[in-house]
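K.L.:
Build me a model:
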Amino acid sequence: MESDIDHLSDSDKPMLDIESNIKENSPLEFYKQLLDSAYVNATSNIEFKDPTSYKEAISGKNSQEWLNAMNIELKDLELQNTWSLVNRPKDRKILKGKWVYKTKLNPDNSINKYKARWVVKRFLQKPGLDYFETFANTVKPIGFRLLFAISAYLDWEIYQ
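P.N.:
Presented below is the predicted three-dimensional model:
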């Protein structure tokens, strides 16, 4: 009979070692093992050097992937109505920005996707003149699920 974990890839199995030891170890030991596992995954990603400029992105060996990522970002910004294009007022400067690139990896360190973000150089902006609203970062649903799963497993209560 096949168990629930037989379908998992080898890259997911180190987490199972941690999971199987939760009951036998204190919560502190569990978190130490979890952090150690995360540290190993984070430090193994060092071999990827993301571009630091537009010029570097379009002239490198993965230029087509970076161009696709930039097009996706621009389409997403348009769909979200992030800005409105207007004629430039004579008494105002145009805000400058830059591309930020990140290679997203799978747990086995294979490339998941190329992510490009367009960011405005905020230090050039003036509140009430260049922008009227600010937005906080949001947490992805996987973050909440992880928090709730750990809390439920350890029988912790969560307060808002």
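
K.L.:
hey, where'd the strands end up in the chain?
P.N.:
97-105, 111-120 (DSSP state E).

K.L.:
Can you lay out these as JSON lines showing mean pLDDT?
P.N.:
Converted to JSON lines, those look like this (pLDDT from 0 to 100):
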{"stretch": "strand 97-105", "mean pLDDT": "91"}
{"stretch": "strand 111-120", "mean pLDDT": "90"}
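
K.L.:
would TSV of those with distance to N62 and mean neighbour count be doable?
P.N.:
C-beta here means a position set from N, CA and C on the backbone, and glycine is covered the same way. Listed next are the strands of the chain as TSV, based on distance: least, C-beta to C-beta, whole Å; neighbours: other C-beta atoms under 10 Å:
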stretch	distance to N62	mean neighbour count
strand 97-105	8	16
strand 111-120	7	15
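
K.L.:
mind putting those in TSV, distance to I158 included?
P.N.:
TSV is the format used below for these (distance: least, C-beta to C-beta, whole Å):
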stretch	distance to I158
strand 97-105	29
strand 111-120	30
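
K.L.:
So which of those is nearest T138?
P.N.:
Minimum separation from T138 across the strands of the chain (C-beta to C-beta) falls at strand 111-120, 14.5 Å.

K.L.:
just for this structure, where's the confidence low?
P.N.:
Low-confidence segments of the chain (pLDDT under 70): 1-48, 122-127, 129-131, 134-136.

K.L.:
cutoff 50 now
P.N.:
Within the chain, the stretches with pLDDT under 50 are 1-5, 8, 11-16, 18, 40-46.

K.L.:
Which residue ranges of it form helices?
P.N.:
13-21, 27-43, 54-59, 63-79, 141-153 (DSSP state H).

K.L.:
re the thing from before, nearest to N71, out of the strands of the chain?
P.N.:
Short answer: strand 111-120, nearest of those by C-beta to C-beta, at 8.7 Å.

K.L.:
could you give the angle of that closest one to strand 97-105?
P.N.:
In terms of direction (axes from the mean of the first three to the mean of the last three C-alpha atoms, to 10 degrees), strand 111-120 departs from strand 97-105 by 160 degrees.

K.L.:
Skipping its backbone neighbours, what lies nearest L74 in space?
P.N.:
Of all residues beyond its chain neighbours, the one nearest L74 is W118 (7.1 Å), with distances taken as C-beta to C-beta, 6 or more residues apart in numbering.

K.L.:
Done for today, thanks.
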